[in-house]
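Q: Here is my input, please return the structure:
(chains A and B)
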Amino acid sequence: NAGVTQTPKFQVLKTGQSMTLQCAQDMNHEYMSWYRQDPGMGLRLIHYSVGAGITDQGEVPNGYNVSRSTTEDFPLRLLSAAPSQTSVYFCASTGSGNTIYFGEGSWLTVV
Amino acid sequence: SQELEQSPQSLIVQEGKNLTINCTSSKTLYGLYWYKQKYGEGLIFLMMLQKGGEEKSHEKITAKLDEKKQQSSLHITASQPSHAGIYLCGADGAGTASKLTFGTGTRLQVTL
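A: Numbers count the residues shown, from 1 in each chain, chains lettered A, B, ... in the order given. Down below sits the predicted model:
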């Protein structure tokens, strides 16, 4: 049981480049979410999904796209990376009893 | 939107001392989550509270959700260096557990 798996763990991008952060869970959870963590601001919700084919915006969605074609996968796409998107990204999934499991994080630097 | 305020922002305690971290919400909490994070690492789930007055313990850490469901406290008894890290509270304001609002964290240092 791998839990929530995020890749890559570290990435450096140039401004304007695009990339996808991958998130997969093997627990058959319906709910999945993406957060970003910035110094002094805690974690903020980017996008979330309540099931395959259903996504919605969180607090800070601009510059990011998501899709949920399967229950297992919830990729986060940066369309045109900006320095303001330098952050640590966490994917999460929600299990029975509303227990929320987080991945180990993806450290992204945009130069 | 729901806001969470954690206090204190940082804390330095001597090993063996007790400490309390508070998390206050601007709205009623449907669920309150406590996580621990070490610098440069992911979030470790500690506890989840859902009912007013609920109290849960794990090893030397106890968390409570007050009766009015707008404040939670995390208490560590006889602190150890392994308790050092950042403690985050997260609130489920909708009862769906699909999206949390987080506090800004409390940084705990434990000195020998």
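Q: State which strand of chain A is the longest.
A: Assignment by DSSP state E gives strand A:42-51 as the longest strand of chain A.
Q: is chain B contacted by that one?
A: Yes - interface with chain B: strand A:42-51 contributes A:42-45, A:48-50 (CB under 8 Å from any CB of the partner chain). Where C-beta positions appear, they are placed from N, C-alpha and C, glycine not excepted.
Q: in the following helix or strand past that strand, what's buried?
A: Counting by DSSP states H and E, the next helix or strand C-terminal to strand A:42-51 is strand A:54-57. Buried residues in strand A:54-57, counted by 16 or more other CB atoms under 10 Å in any protein chain shown: A:Thr55.
Q: Show residues contacting strand A:54-57.
A: Residues outside strand A:54-57 that contact it (CB atoms under 8 Å, 6 or more residues apart in numbering or on different chains) are A:47-50, A:66-68.
Q: hmm, back to that, okay if I get the residues of strand A:42-51 next to chain B as a markdown table plus distance to B:Ile21, pLDDT and neighbour count?
A: Listed next are the residues of strand A:42-51 next to chain B as a markdown table, based on distance: CB to CB, whole Å; pLDDT from 0 to 100; neighbours: other CB atoms under 10 Å in any protein chain shown:
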| residue | distance to B:Ile21 | pLDDT | neighbour count |
| --- | --- | --- | --- |
| A:Gly42 | 14 | 84 | 20 |
| A:Leu43 | 16 | 92 | 28 |
| A:Arg44 | 20 | 94 | 17 |
| A:Leu45 | 22 | 94 | 21 |
| A:Tyr48 | 26 | 94 | 25 |
| A:Ser49 | 31 | 94 | 21 |
| A:Val50 | 31 | 91 | 17 |
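Q: Tell me which stretches of chain B form strands.
A: Secondary structure of chain B by DSSP E: the strands cover B:4-7, B:10-14, B:19-25, B:31-37, B:43-49, B:55-58, B:61-65, B:71-76, B:85-92, B:101-102, B:106-111.
Q: Output the ones you listed in a markdown table, with distance to chain A, mean pLDDT and mean neighbour count appended to each entry.
A: What follows is those, written out as a markdown table (distance: least, CB to the nearest CB, whole Å; pLDDT from 0 to 100; neighbours: other CB atoms under 10 Å in any protein chain shown):
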| stretch | distance to chain A | mean pLDDT | mean neighbour count |
| --- | --- | --- | --- |
| strand B:4-7 | 8 | 94 | 18 |
| strand B:10-14 | 11 | 97 | 13 |
| strand B:19-25 | 11 | 96 | 19 |
| strand B:31-37 | 6 | 92 | 23 |
| strand B:43-49 | 4 | 91 | 19 |
| strand B:55-58 | 13 | 93 | 12 |
| strand B:61-65 | 14 | 96 | 20 |
| strand B:71-76 | 15 | 96 | 20 |
| strand B:85-92 | 7 | 92 | 24 |
| strand B:101-102 | 4 | 91 | 23 |
| strand B:106-111 | 11 | 96 | 17 |
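Q: Of all those, which one is nearest A:Phe102?
A: Set against A:Phe102 and scored by CB to CB, the strands of chain B come closest in strand B:43-49, at 4.3 Å.
Q: how about the strands in chain A?
A: A:4-7, A:10-13, A:19-25, A:31-38, A:42-51, A:54-57, A:64-66, A:76-78, A:87-94, A:100-102, A:106-110.
Q: That's all I had, so thanks and see you.
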